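Asks: structure for this input, please:
(one chain, ligands or ions: 2)
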Amino acid sequence: MYKNHRISLVMPCYNEERGLREVYRDLPACVDEVIVADNNSSDCTAAVARELGAIVVAEKRQGYGAAYKTGLRRATGDIIIAMDGDGTYPRNFIPILLDVMIDEGFDFITCDRTGHKDKRSNWLRVFGNDVLNWFILLIYWVRVRDSQSGMWVFRRSILQYLNLTSDGMAFSEEIKLEAMSKKKLVRSKELPIYYKERHGASKLHIWRDGLSNLLFLFRKRFGMLGTAPPLVEPRELNLQKEPNA
Ligand SMILES: Nc1nc2c(ncn2[C@@H]2O[C@H](COP(=O)(O)OP(=O)(O)OP(=O)(O)O)[C@@H](O)[C@H]2O)c(=O)[nH]1
Ligand SMILES: [Mg+2]
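Replies: Residues are numbered from 1 along each chain as shown. Ligands and ions are numbered 1, 2, ... in the order given. This is a model prediction of the structure:
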């Protein structure tokens, strides 16, 4: 619990047995439940996650977004922290991000790695990220510095408002677009964090995923992706509140 809020951590994982151990090394005590969405891992991800104390949910449809959808449906916290299971995102920022969210009344915080990532070694990723950020500004009028960041903190209740159609890597930009464009329903903020080298092999295919994320932005903007059912129904949120009412 953190300031009277139940906290869930959700991680999509495809062969992240090494990364998961790293995440648990300094996981703050305020996290009440950890959900690992195991996406057909061929290593010991599920066994390691259980050994570490996580709830493991299996998602057979391969893809970052598909894994997230299954993990997020299973989460029960008032606030959800979402991040990769590869050890790259800073666990010790979690209490600070929760402070900003709770004390300042935000509903969605997305974490910006751009001040920290080494621009020389990651120039293609940094360039691809910038191209996607620019298209998001141009065609959605949403300003985001790190559209491809994989760490967000949000109130679970906002999931009822978000149209999350992507099962792939575009899920990351889609959740930001959805939250940051619904200004009347969702108070959003982007905050800087640092970022470490990952443990285990990267699953990102820079060109394939970059181009498909770009295409996704156009298809969504021009209404070609339709509407997905919300990951949380309003009545589920009301039902959970009843015992305290
Ligand atoms: N790419 C990808 N990731 C998946 C999939 N299923 C689960 N994941 C998890 O989603 C997270 C994101 O994938 P990463 O390989 O870390 O991608 P990235 O963060 O853009 O790249 P790195 O900076 O190299 O970590 C990781 O925790 C993966 O294990 C999948 O089908 N494809
Ligand atoms: Mg990663």
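
Asks: residue numbers of the chain in contact with ligand 1?
Replies: For the chain, the residues found near ligand 1 under the criterion Cβ under 6 Å from any ligand atom are 12-14, 16, 39, 62-64, 67, 84-86, 88, 150, 169, 198, 202-204. To be clear about C-beta, it is placed using only N, CA and C from the backbone, and glycine gets the same treatment.

Asks: those: which ones sit near ligand 2?
Replies: Contacts with ligand 2 within the residues of the chain next to ligand 1, counted by Cβ under 5 Å from the ion: D84, D86, T88.

Asks: just want the phi and psi numbers for the nearest residue in space to V142 that is not next to it in sequence.
Replies: Spatial nearest neighbour of V142, chain neighbours left out: M180 (4.9 Å); criterion: Cβ to Cβ, 6 or more residues apart in numbering. M180 adopts backbone torsions of phi -80, psi -20, taken as degrees, to the nearest 10.

Asks: distance of M180 from L132?
Replies: In this structure, M180 and L132 are separated by 14 Å, where distance is defined by Cβ to Cβ, to the nearest Å.

Asks: re earlier: what does the pLDDT read for the residue nearest to V142?
Replies: The pLDDT attached to M180 in the predicted structure is 98.

Asks: from what I can see it touches V144, true?
Replies: Yes. Here M180 reaches V144: they are 6.5 Å apart, a contact under Cβ atoms under 8 Å.

Asks: mind listing the shared neighbours of these two?
Replies: Shared contacts of M180 and V144 (Cβ atoms under 8 Å, 6 or more residues apart in numbering): T110.

Asks: returning to what we had before: let's see if you can find the most crowded of the ones next to ligand 2 among the residues of the chain next to ligand 1.
Replies: Using other Cβ atoms under 10 Å as the neighbour definition, those reach their maximum at D86, which records 25 neighbours.

Asks: how many other residues sit next to the nearest residue to it once chain neighbours are set aside?
Replies: Excluding the flanking residues, the one nearest D86 by Cβ to Cβ, 6+ apart is G19, at 3.6 Å. Counted by other Cβ under 10 Å, the residues lying close to G19 total 22.

Asks: with A37 instead?
Replies: 26.

Asks: ok, for it, nearest residue in space, not its chain neighbours?
Replies: That would be G71: by Cβ to Cβ, 6+ apart, it lies 3.4 Å from A37.

Asks: next up, phi/psi of Y64, please.
Replies: Per degrees, to the nearest 10, the backbone of Y64 is at phi -60, psi -50.

Asks: returning to what we had before: the residue nearest to A37 belongs to a helix?
Replies: Yes. Per DSSP: H, G, I helix; E, B strand; the rest coil, G71 lies within a helix segment.

Asks: from now on call the first residue 43
Replies: I'll keep to 43 as the first residue from here, and by that count the last item is G113.

Asks: my guess is it contacts V76, does it?
Replies: No. In this structure, G113 is not within contact of V76 by Cβ under 8 Å, at 10.0 Å.

Asks: coming back round to it: which of the residues in whatever helix or strand the residue nearest to D128 lives in are buried?
Replies: Take DSSP states H and E as the rule and G61 turns out to sit in helix 59-67. Taking 16 or more other Cβ atoms under 10 Å as the basis for neighbour counts, the residues of helix 59-67 that come out buried are E59, R60, G61, L62, R63, E64, V65, Y66.

Asks: what sits against the last one?
Replies: Under the criterion of Cβ under 8 Å, 6+ apart, the neighbours of Y66 are L94, G95.

Asks: give me the pLDDT for it.
Replies: 98.

Asks: next one: the fourth one
Replies: At L62 the predicted local distance difference test score is 98.

Asks: where does the prediction get shaky in the protein?
Replies: Within the chain, the set of residues satisfying pLDDT under 70 comprises 159-163, 280-287.

Asks: center of it - which residue?
Replies: Averaging the C-alpha coordinates of the chain gives a centre point, and the residue nearest to it by Cα atoms, centre = their mean is A124 (3.9 Å).
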